[in-house]
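Asks: okay, structure incoming, though there's no sequence with it:
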């Protein structure tokens with residue numbers, strides 16, 4: 001009768017070790033599908049006539065941003081927009 005509790009105790013320890021190993025080994029492996037960043041609809045507000053809205057030396061950066069919206073990329077020093 002004393003062998004049964006000892007086997008049960010070992011089984012519990014082994015089960016806990018295996019469970020923890022499985023839990024720690026599978027963290028971060030869950031893949032959640034998300035839509036792509038580039039949807040193909042970028043800059044649909046830009047047409048052939050768009051450049052005619054802007055006059056060099058007169059149109060400010062703010063006017064351009066208001067007309068075209070937020071840029072896709074900005075340089076670290078904010079000197080260039082894309």
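Replies: Here it is on my side, so go on. Please read these numbers as outputs of a predicted model, since none were measured by experiment.
Asks: tell me the secondary structure for residue 79?
Replies: For residue 79, the assignment made with DSSP: H, G, I helix; E, B strand; the rest coil gives coil.
Asks: cool, and residue 16?
Replies: Classification of residue 16 by three-state DSSP places it in helix.
Asks: what's the answer for residue 22, then?
Replies: Classification of residue 22 using three-state DSSP returns helix.
Asks: and the pLDDT at it?
Replies: Confidence at residue 22, expressed as pLDDT, is 84.
Asks: how close does it sit to residue 9?
Replies: Plainly put, residue 22 is 20 Å away from residue 9 if you go by C-beta to C-beta, to the nearest Å. (Each C-beta comes from the backbone N, C-alpha and C, glycine too.)
Asks: got it, and residue 50?
Replies: With distances defined as C-beta to C-beta, the gap from residue 50 to residue 9 amounts to 76 Å.
Asks: now the helices for this protein?
Replies: Using DSSP state H, the helices of the chain run over residues 3-25, 61-68.
Asks: least confident of these, on average?
Replies: When the helices of the chain are ranked by mean pLDDT, helix 3-25 comes last with a mean of 78.
Asks: which residues touch residue 82?
Replies: Neighbour list for residue 82: 71, 72, 73, 74 [criterion: C-beta atoms under 8 Å, 6 or more residues apart in numbering].
Asks: again, 10 Å this time
Replies: Contacts were defined as C-beta atoms under 10 Å, 6 or more residues apart in numbering; by that measure residue 82 touches 71, 72, 73, 74, 75.
Asks: let me know the pLDDT of the closest residue to it other than its chain neighbours.
Replies: Closest residue in space to residue 82, ignoring its immediate chain neighbours: residue 73 at 4.1 Å, by C-beta to C-beta, 6 or more residues apart in numbering. Residue 73 is assigned a pLDDT of 85 by the prediction.
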